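Pasting the sequence and the predicted coordinates here, then a few questions.
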Amino acid sequence: MSSSNPSPTVDPVSIWLRSQILDSKEQKLPNDFVTKTDVAARYDGQRSVLWTSISEMGGPNRQKFISRMVKNWPYIKEKYAVVLPMHAGLISSCLCAHLIAARVNSDIFLYNPKMPFLESVRRCPKSPWVFAIYTTGLTYFAFYNLFFEKNILGEDEPCASCTLSRLSTLLVAVGNILGEDDPCASCTLSRLSTLLIAVGVLFPATTTPALSHYMHVRHNPDIPVAKNLLEFVTMIYVTSKSTWSLLPKLAVFQIVVASISTYSLLWGRNRIFHTVDIDPEILTETMLSAQKETTIKEKFNALLSKVSFLRPLLSDPTDAPPKYS
């Protein structure tokens with residue numbers, strides 16, 4: 001007689017529960033070894049409070065908003081740490097342009113490039129070095145706002161070397177610090193140095209000889225005039241030789257200014273943005289105080305708006321920064 005053994009029953013629920021326990025015991029990689037993209041990190045809730053609140057703004061409005069926030073920041077040291085580097089670069093670039101123009105004028109008008117600076121300013125025509133200072137300052141201000149500042153005051157943290165190169169270029173020959181991502185210090189320093197050298201050294205060294213030669217021709221009609229591009233380039237090459245020994249010294253000076261400005265910019269930027277992340281209410285208080293002030297542009301637009309035919313040329317009121325309440 002065969003005995004009937006009951007077949008074992010299978011419980012799917014118990015199998016599923018045991019699998020969950022085994023999965024929970026598996027070793028997981030720490031989050032430090034997992035690198036997320038910028039978009040994934042922001043969707044994961046890791047975006048700062050400041051950039052989450054203003055992410056829906058357009059590019060121009062966002063830039064105006066951040067610039068106004070920095071200019072009305074309640075802590076003086078942090079505010080001037082971001083604002084003063086632009087003025088320091090402007091002054092150093094104009095000073096370098098003045099020294100280069102004085103050397104060129106001494107060589108062209110007095111045939112003595114080693115003449116003392118004050119004597120050159122006193123005896124040579126004033127228009128060449130005034131024009132050099134004016135064009136250098138205007139070019140530096142435009143390039144700083146277009147190519148340097150908006151990168152520094154953006155959401156991305158700027159690289160220090162990029163910042164230095166841009167600012168050095170602006171100071172020596174002839175933007176992007178206020179972005180969302182944290183800037184790299186080395187990129188910031190390299191860009192700033194390149195910018196300062198391009199604007200403050202190379203730009204006046206190539207433009208001042210042409211103006212000085214033009215003024216010399218007006219005073220002495222016997223001097224030959226450049227009739228084609230080759231003669232013009234040769235004239236600039238010959239007349240700028242007197243400044244070649246001065247340019248390396250000015251470039252080093254501009255790099256020093258760019259280095260100090262880079263440190264000041266990045267320190268002030270980090271302090272301001274981190275303070276907003278910790279205490280979001282300070283952003284509202286800052287913008288409310290900023291709304292009480294009227295900018296020069298707003299006063300100018302209000303004055304011109306009284307003339308009917310000039311109203312279409314004024315700024316669109318929809319471009320104004322958003323209001324806080």
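The structure has been received and is ready for your questions.

make it CA atoms for all contacts and neighbour counts henceforth
Will do.

Could you find the closest non-adjacent residue to residue 110?
residue 124 (7.7 Å; Cα to Cα, 6 or more residues apart in numbering).

What is the burial count for the one you found?
Neighbour count of residue 124, defined by other Cα atoms under 10 Å: 17.

Please report how far it lies from residue 207.
Separation of residue 124 from residue 207 (Cα to Cα, to the nearest Å): 17 Å.

and what of residue 275?
Look at residue 275 and residue 207: by Cα to Cα, they are 45 Å apart.

likewise residue 235?
Using Cα to Cα, we find residue 235 at a distance of 11 Å from residue 207.

Now do the helices in the stretch 101-250 of the chain.
Ranges of helices within the stretch 101-250 of the chain are 117-123, 127-147, 149-152, 160-172, 185-197, 203-219, 229-239, 247-278, based on DSSP state H, counting those that start in this stretch.

so which of those helices comes closest to residue 107?
Residue 107 sits nearest to helix 229-239 of all those, at 7.6 Å, using Cα to Cα.

elements contacting the closest one?
Judged by 3 or more Cα pairs under 8 Å, 6 or more residues apart in numbering; DSSP states H and E, helix 229-239 is in contact with helix 76-109, helix 203-219.

That helix: which residues count as buried?
235, 236, 239 (16 or more other Cα atoms under 10 Å).

Read off the pLDDT value for the residue nearest to residue 110.
pLDDT, residue 124: 84.

Check residue 185 too.
pLDDT recorded at residue 185 is 72.

related to what we said a few turns ago, now pLDDT and distance to residue 256 too, for the buried residues of helix 229-239, in TSV please.
Putting these into TSV (pLDDT from 0 to 100; distance: Cα to Cα, whole Å) gives the following:
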residue	pLDDT	distance to residue 256
235	80	32
236	79	28
239	79	28
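
the more surrounded of residue 275 and residue 207?
Taking other Cα under 10 Å, residue 275 and residue 207 do not tie; residue 207 has more neighbours (18 against 15).
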